[in-house]
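**Student:** My questions are about this predicted structure, shown below with the sequence.
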Amino acid sequence: MSRSSDAESEREPPKKKIRVELRKNLSRRRREKDLTREFASGEEADDIPTSERVRAKGELSRRRTVVTEGTGEGEAAALPAVDSQQCIRGRVLRVHGLLSIVAGEDGRTYRCAVRRLLKSLATEERHVVTCGDVVWLRPAPASGGDPNAPREGLIERVEPRHGLLTRASRGREHVVAANVDQAAIVLSLMQPELKPHLIDRYLAAAALGQLQPLILLNKVDLVPEPSVYQPLIGYYAQLGIPVLLTSATTGYGLEHLRQYLHQRVTVFAGQSGVGKSSLLNALLPDLHLPTRAVSAATEKGRHTTTYAQLLPLPDGGWVVDTPGVRQLQLWKIQREEVEGLFLEFRPFVPLCAFADCTHTHETGCAIQQAVARNRISPRRYHSYLGLFYDLPEDKW
Ligand SMILES: Nc1nc2c(ncn2[C@@H]2O[C@H](COP(=O)(O)OP(=O)(O)OP(=O)(O)O)[C@@H](O)[C@H]2O)c(=O)[nH]1
Ligand SMILES: [Zn+2]
């Protein structure tokens, strides 16, 4: 398929044009934010010559880096006016098909359907309402009986979302959790064995959803010599990403983890069987989330958790337990955007011989040279290739 010319783009459907514009704007804002953060933190590799760095920064300010679209065009439209005298604000704890369980700001729990108008506004998303959404609901008249029993309600409006964990699921967008600050990327060191490329896939998803990442290497109790993971931990620490060794069984690392969770909204994400629910049970002793042993034969989890669930922390903040997914597919991202998700690539990208270098096969590719000189980890470069080839050549 050839790239569209200007004349052709005049004939583009308006929806596509809006999307392209939206991407451009968000890309610019994200780029500015990235640069500000980079300048403010001074987190640059010391061994890059100043001239390269200056060039890289100049180029960085012209390039597109990371793009995210929030929840798509359904979002802005899903804002009908509500009668704040009659409606209550609340937070969606979980969604079961057409039913959403909402914690109202009045301290009550509501079982809510979604107003038909809102449903009709759903576009590419699987559900118009998702776990973590801030909504306005109209309570049904109280029917007497137990005042503490969940009440019925109707969701009339979904507030705009920020901080998303999103994935592609059967060709559609699935917002796993909304209004989240942080992604705790959970992996087990054993049973199932550690798959470092998954860290990078989840990190990419966190960056796309504008979530602060935190890596948890769980089941440390099963490992005789945890110090062998030090190089891996050190690599991410250099990128400014905290890595904690934890054990839901012995409680190792949980106090440290608690500090990261305090007053934040954190989504726990990772493969089935790595111990997401077990960690939350260990952190919140009254919780009793169901957990199941991984298969002895395959070491795979048994997909025990089947829906995302928002849970309050007693000292402030929220956590979200999510179902494990086999392979997290990124949603709405183009191949050329993948490089922007790899922080350590950024100083090198502008040094490639070709401006549109894909860093896969080109001569004069500064990324491949940096990998050869061990300035970029070969493992991370392979993760880049995995994500790159996972995406179709042109999504638009
Ligand atoms: N030894 C050990 N076992 C653990 C640890 N954390 C979890 N497990 C065990 O691992 C198995 C899977 O744990 P779950 O908490 O169900 O895993 P999950 O990530 O929530 O899995 P899904 O809900 O299927 O996505 C259970 O048998 C847990 O007891 C740990 O730190 N050490
Ligand atoms: Zn290159």
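**Tutor:** Yep, it's here. Ligands and ions are numbered 1, 2, ... in the order given.
**Student:** Show me where the stretch 151-300 of the chain has its helices.
**Tutor:** For the stretch 151-300 of the chain, the helices defined by DSSP state H, counting those that start in this stretch cover 196-208, 230-238, 254-261, 276-283.
**Student:** Up against ligand 1, what does the stretch 101-250 of the chain have?
**Tutor:** Applying CB under 6 Å from any ligand atom, we find that the stretch 101-250 of the chain lies next to ligand 1 at N218, K219, D221, L222, S247, A248, T249. Every C-beta, even on glycine, is put in place using the N, C-alpha and C of the backbone.
**Student:** Tell me which of the helices of the stretch 151-300 of the chain sits nearest to ligand 2.
**Tutor:** helix 196-208 (17.9 Å; CB to the ion).
**Student:** how distant is the closest one from the center of its chain?
**Tutor:** For helix 196-208, the separation from the chain centroid amounts to 8 Å (computed by CA atoms, centre = their mean, to the nearest Å).
**Student:** which outside residues touch it?
**Tutor:** With contacts defined as CB atoms under 8 Å, 6 or more residues apart in numbering, helix 196-208 is touched by 66-68, 165-167, 183, 185, 187, 212-213, 215, 232, 236, 241, 269-271, 327-328, 330-331, 333, 338, 341-342, 379-380, 382-384, 386-387.
**Student:** Take those and keep only those in strands.
**Tutor:** Assigned to strands by DSSP state E, the following of the contacts of helix 196-208 qualify: L165, T166, R167, A183, I185, L187, Q212, P213, I215, A269.
**Student:** Throw the helices of the stretch 151-300 of the chain into TSV and include mean neighbour count, thanks.
**Tutor:** Output for the helices of the stretch 151-300 of the chain, formatted as TSV (neighbours: other CB atoms under 10 Å):
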stretch	mean neighbour count
helix 196-208	22
helix 230-238	14
helix 254-261	14
helix 276-283	23
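**Student:** Redo these as CSV? Include mean pLDDT.
**Tutor:** As requested, the helices of the stretch 151-300 of the chain are exported to CSV (pLDDT from 0 to 100):
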stretch, mean pLDDT
helix 196-208, 94
helix 230-238, 95
helix 254-261, 97
helix 276-283, 94
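**Student:** Make JSON lines out of these and add distance to T291.
**Tutor:** Below are the helices of the stretch 151-300 of the chain laid out as JSON lines (distance: least, CB to CB, whole Å):
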{"stretch": "helix 196-208", "distance to T291": "20"}
{"stretch": "helix 230-238", "distance to T291": "26"}
{"stretch": "helix 254-261", "distance to T291": "16"}
{"stretch": "helix 276-283", "distance to T291": "5"}
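**Student:** Just send those back as JSON lines, with distance to ligand 2 too.
**Tutor:** Converted to JSON lines, the helices of the stretch 151-300 of the chain look like this (distance: least, CB to the ion, whole Å):
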{"stretch": "helix 196-208", "distance to ligand 2": "18"}
{"stretch": "helix 230-238", "distance to ligand 2": "21"}
{"stretch": "helix 254-261", "distance to ligand 2": "35"}
{"stretch": "helix 276-283", "distance to ligand 2": "36"}
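**Student:** circling back to that earlier point, please identify which pair of the residues of the stretch 101-250 of the chain next to ligand 1 lies farthest apart.
**Tutor:** Pairwise distances across those (CB to CB) peak at 11.2 Å, for the pair L222 and A248.
**Student:** Show the backbone phi and psi for W136.
**Tutor:** Dihedral pair for W136: phi -110, psi 130, per degrees, to the nearest 10.
**Student:** What count of nearby residues applies to it?
**Tutor:** 24 (other CB atoms under 10 Å).
**Student:** Number the residues from 14 up from this point.
**Tutor:** Yes, from this point I'll number from 14; that puts the last item at W149.
**Student:** Check it and give its pLDDT.
**Tutor:** The model reports W149 with a pLDDT of 96.
**Student:** so who does it touch?
**Tutor:** Residues in contact with W149 (CB under 8 Å, 6+ apart) are V95, S97, C100, I101, R102, G103, I168, E169, R170, E172.
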